[in-house]
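# Build me a model:
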Amino acid sequence: MKPLSIGALSRAANVKIPTIRYYESIGLMPEPVRTSSNRRTYGREHIDRLRFIRHGRDLGFTVDDVRALLELSAKPQQSCHLADSIVAKNIADIDRRIAALGQLRAELQRMFDECKHGRVAECRVIEILADHEICLQDEHAPV
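Model prediction:
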């Protein structure tokens, strides 16, 4: 395979150039070979690694999770216990966020249902937003 420029790598892996540079700066991507004119050049292994990183990030893994999974992928005979635990942790986090979103939806639905859809002076939505004490939930955790 002919060496790729950073632009060609970007297109091949569907990742923006600044993201590639960021992954290089934090050590997720290996330093590329440089030409005599100091241009970065990339090969098949860079495409594969970048796709792995992108897919992991798309699935919600943190950069640290992806780093650990990349390290594991380089040791195919090792137990996959760590990979399993990373996925289990992420599933638990998703479940927590789903529960929080359910509570948030219920609060918003209540606000909407209690509103008479008349004038702003009588609007239950505005009233609840102005007085957190009327909310059913003590906190609205960010998800």
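# domain ranges for this protein?
6-73, 81-134 (automatic domain parsing).
# Highest mean neighbour count out of the ones you listed?
Ranked by mean neighbour count, the domains of the chain are led by domain 6-73 with a mean of 15 (mean count of other C-beta atoms under 10 Å). Bear in mind the C-beta positions are built from the backbone N, C-alpha and C, glycine included.
# Tell me how far it lies from the chain's centre.
Its chain's C-alpha centre and that of domain 6-73 lie 16 Å apart, by C-alpha atoms, centre = their mean, to the nearest Å.
# start to end distance for it?
24 Å (C-alpha to C-alpha, to the nearest Å).
# Equivalent analysis for stretch 56-67, please.
OK, stretch 56-67 end separation, C-alpha to C-alpha: 10 Å.
# low-scoring pLDDT stretches of the protein, where are they?
Along the chain, segments meeting pLDDT under 70 span 141-143.
# following the lengthiest helix in it, which helix or strand shows up next?
Counting residues, the longest helix in the chain under DSSP state H turns out to be helix 81-114. Scanning forward in sequence from helix 81-114 by DSSP states H and E, the next helix or strand is helix 124-130.
# Name the surrounding residues that touch that next one.
Helix 124-130 is contacted by residues Met111, Phe112, Glu114, Cys115, Lys116, Val120, Ile134, Cys135 when judged by C-beta atoms under 8 Å, 6 or more residues apart in numbering.
# Distance to Arg21 for the residues you listed - can I get that in a markdown table?
Converted to a markdown table, these look like this (distance: C-beta to C-beta, whole Å):
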| residue | distance to Arg21 |
| --- | --- |
| Met111 | 44 |
| Phe112 | 45 |
| Glu114 | 50 |
| Cys115 | 49 |
| Lys116 | 54 |
| Val120 | 49 |
| Ile134 | 49 |
| Cys135 | 44 |
